[in-house]
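Asks: pasting the structure only:
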Ligand SMILES: [Mg+2]
């Protein structure tokens with residue numbers, strides 16, 4: 001693992017990005033808002049208290065990687081009702097990020113998103129950041145048949161949909177857990193927004209995504 005070094009990414013021609021907490025700072029409060037919306041939804045659905053549903057919610061994240069599969073395992077519910085409710089947020093924490101846009105523009109090859117969020121949420125976040133036009137495709141929770149990362153079947157489905165070679169793919173994530181299977185598939189893995197992780201499945205750590213991208217060696221284009 002190399003922290004903040006000039007990464008050698010000259011073998012990469014597919015740039016795969018998680019969205020939430022990866023393409024914007026993880027401490028800007030947006031994910032906290034989403035977790036609160038999930039808790040509100042569960043309080044209304046179950047009639048339980050907020051402390052209790054937050055424990056349930058945490059358990060679902062641990063077990064399934066997201067709240068939705070846990071919810072669907074225990075309650076009979078149309079998934080879009082949940083997804084629409086929890087993502088119904090103004091996204092006031094986000095604004096156009098011209099520096100990130102320029103850093104992504106420099107990357108040779110395909111730029112793709114791989115998120116456990118809903119299709120609508122993913123598109124809105126990319127639009128708010130002013131980088132939607134850089135992305136060729138988004139693999140979201142509905143593309144994965146509601147099975148989130150890091151389930152291996154969801155990685156398979158994502159790679160089939162995009163037609164990417166994992167050995168030439170670099171995956172950027174704020175969740176170390178989601179990088180384990182990526183590395184096993186021989187993707188190059190970058191843990192974003194942290195400085196202190198030292199794990200065999202992490203190739204690089206990028207405390208600042210834009211700075212990391214700008215410093216990386218990438219394939220020369222003719
Ligand atoms: Mg994330």
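Replies: Yep, it's here. These numbers come from a predicted model, not from an experiment.
Asks: okay, CA-based contacts and neighbour counts for the rest of this
Replies: Noted.
Asks: where does the chain come near the ion, residue by residue?
Replies: With the criterion set to C-alpha under 5 Å from the ion, the chain comes near the ion through 20, 21.
Asks: Domains of the chain: list them as residue ranges, please.
Replies: As given by automatic domain parsing, the domain ranges for the chain are 2-26+95-218, 30-86.
Asks: any chance of these in JSON lines, plus mean neighbour count?
Replies: Formatted as JSON lines, the domains of the chain follow (neighbours: other C-alpha atoms under 10 Å):
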{"stretch": "domain 2-26+95-218", "mean neighbour count": "18"}
{"stretch": "domain 30-86", "mean neighbour count": "15"}
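Asks: Any chance of the ones you listed in JSON lines with mean pLDDT as columns?
Replies: As requested, the domains of the chain are arranged in JSON lines below (pLDDT from 0 to 100):
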{"stretch": "domain 2-26+95-218", "mean pLDDT": "94"}
{"stretch": "domain 30-86", "mean pLDDT": "92"}
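Asks: which SS state does whichever residue of the chain sits closest to the ion fall under?
Replies: Closest to the ion within the chain is residue 20: 4.1 Å, counting by C-alpha to the ion. Here residue 20 is recorded as coil under DSSP: H, G, I helix; E, B strand; the rest coil.
Asks: quick one: contacts for it?
Replies: 26, 31, 115, 117 (C-alpha atoms under 8 Å, 6 or more residues apart in numbering).
Asks: Mind putting those residues into TSV with secondary structure and distance to residue 124?
Replies: Listed next are these as TSV, based on DSSP: H, G, I helix; E, B strand; the rest coil; distance: C-alpha to C-alpha, whole Å:
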residue	secondary structure	distance to residue 124
26	coil	17
31	helix	14
115	coil	13
117	coil	11
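Asks: Excluding covalently adjacent residues, which one is nearest to residue 100?
Replies: Spatial nearest neighbour of residue 100, excluding adjacent residues (C-alpha to C-alpha, 6 or more residues apart in numbering): residue 210 at 5.3 Å.
Asks: What is the distance between the host helix or strand of the one you found and the centre of its chain?
Replies: According to DSSP states H and E, residue 210 maps onto helix 209-215. Mean-position distance between helix 209-215 and its chain equals 17 Å (C-alpha atoms, centre = their mean, to the nearest Å).
Asks: partners of the helix or strand following it, with directions?
Replies: For helix 209-215, the succeeding helix or strand toward the C-terminus, using DSSP H and E, is strand 217-218. Using DSSP bridges, strand 217-218 pairs in its sheet with strand 8-9 (parallel).
Asks: hmm, who's touching the strand it pairs with?
Replies: For strand 8-9, the external contacting residues (C-alpha under 8 Å, 6+ apart) are 170, 216, 217, 218, 219.
Asks: quick one, strands of the protein?
Replies: 2-3, 8-9, 14-17, 110-114, 137-139, 169-173, 188-192, 204-206, 217-218 (DSSP state E).
Asks: ok, residue 137 touching residue 112?
Replies: Yes. Using C-alpha atoms under 8 Å, residue 137 is in contact with residue 112, at 5.2 Å.
Asks: Name the residues contacting each of the two.
Replies: The contact sets of residue 137 and residue 112 do not overlap (C-alpha under 8 Å, 6+ apart).
Asks: Pull the contacting residues for the closest residue in space to residue 214 that isn't next to it in sequence.
Replies: Spatial nearest neighbour of residue 214, chain neighbours left out: residue 103 (5.8 Å); criterion: C-alpha to C-alpha, 6+ apart. Listed by C-alpha under 8 Å, 6+ apart, the contact partners of residue 103 are 210, 213, 214.
Asks: Okay then, goodbye and thanks.
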